[in-house]
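# Test case, fold it:
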Amino acid sequence: MKVKIPKEIKIGAWKYGVDLVRGLKIKDGYWGDTRHTRHTLAIDKDLPNLERDSTLIHEVLHIIDQQFVLKLSEEDITRLENGLAEFLFNNLRIEFVWNEVE
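The predicted structure is shown next:
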């Protein structure tokens, strides 16, 4: 099943813009970045599809953590990312479609 990634997502009280940014990994050393004060989520545009999709899950988990004051560690976020990616992509066969964001 294909799922379109929107330009904006709403989690909790806030809307976050979703952007694909070239060279984010090279510039900042991360595949993705969430800026809570600006309500933006950026993902490196040059990532292969699976890494891009997993990074979106990772950054959304950071937003959930922030909005609902879960106080998860980076390691917790990464473990949840991997579990959700396994379930969504390998079991449900979900594919993210990025054409609205690009």
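# can we go C-alpha only for contacts and neighbour counts from here?
Will do.
# what comes into contact with the lengthiest helix in the chain?
When the chain is parsed with DSSP state H, its longest helix is helix 49-67. Contacts with helix 49-67, where a contact means C-alpha atoms under 8 Å, 6 or more residues apart in numbering, come from 11-13, 31-34, 36, 41, 43-45, 70-72, 77-78, 80-82, 84-85, 96.
# Helices - which of these land there?
Judged by DSSP H, helices contain the following of the contacts of helix 49-67: Ile77, Thr78, Leu80, Glu81, Asn82, Leu84, Ala85.
# out of the residues you listed, which are buried?
Among those, those that count as buried by neighbour count (16 or more other C-alpha atoms under 10 Å) are Ile77, Thr78, Glu81, Ala85.
# Now do the spatially closest residue to Lys2 that is not a sequence neighbour against Asp65, distance only.
Ranked by C-alpha to C-alpha, 6 or more residues apart in numbering and with sequence neighbours excluded, the top spatial neighbour of Lys2 is Glu95, at 4.7 Å. Taking C-alpha to C-alpha, to the nearest Å as the criterion, Glu95 is separated from Asp65 by 24 Å.
# Then Arg38?
With the distance defined as C-alpha to C-alpha, Arg38 ends up 16 Å from Asp65.
# which of these two has more neighbours?
In terms of neighbours (other C-alpha atoms under 10 Å), Asp65 is the more surrounded of Arg38 and Asp65; the figures are 15 against 10.
# quick one: pLDDT of the more buried one?
pLDDT recorded at Asp65 is 97.
# just the one 10 residues further on next, same as before
According to the per-residue confidence, Glu75 scores 97 in pLDDT.
# and it, that's in a strand?
No: secondary structure of Glu75 (DSSP: H, G, I helix; E, B strand; the rest coil): helix, not part of a strand.
# burial measure for it, as a count.
Every residue meeting other C-alpha under 10 Å relative to Glu75 is counted, giving 9.
# Give me the pLDDT for Lys27.
For Lys27, the model assigns a pLDDT of 67.
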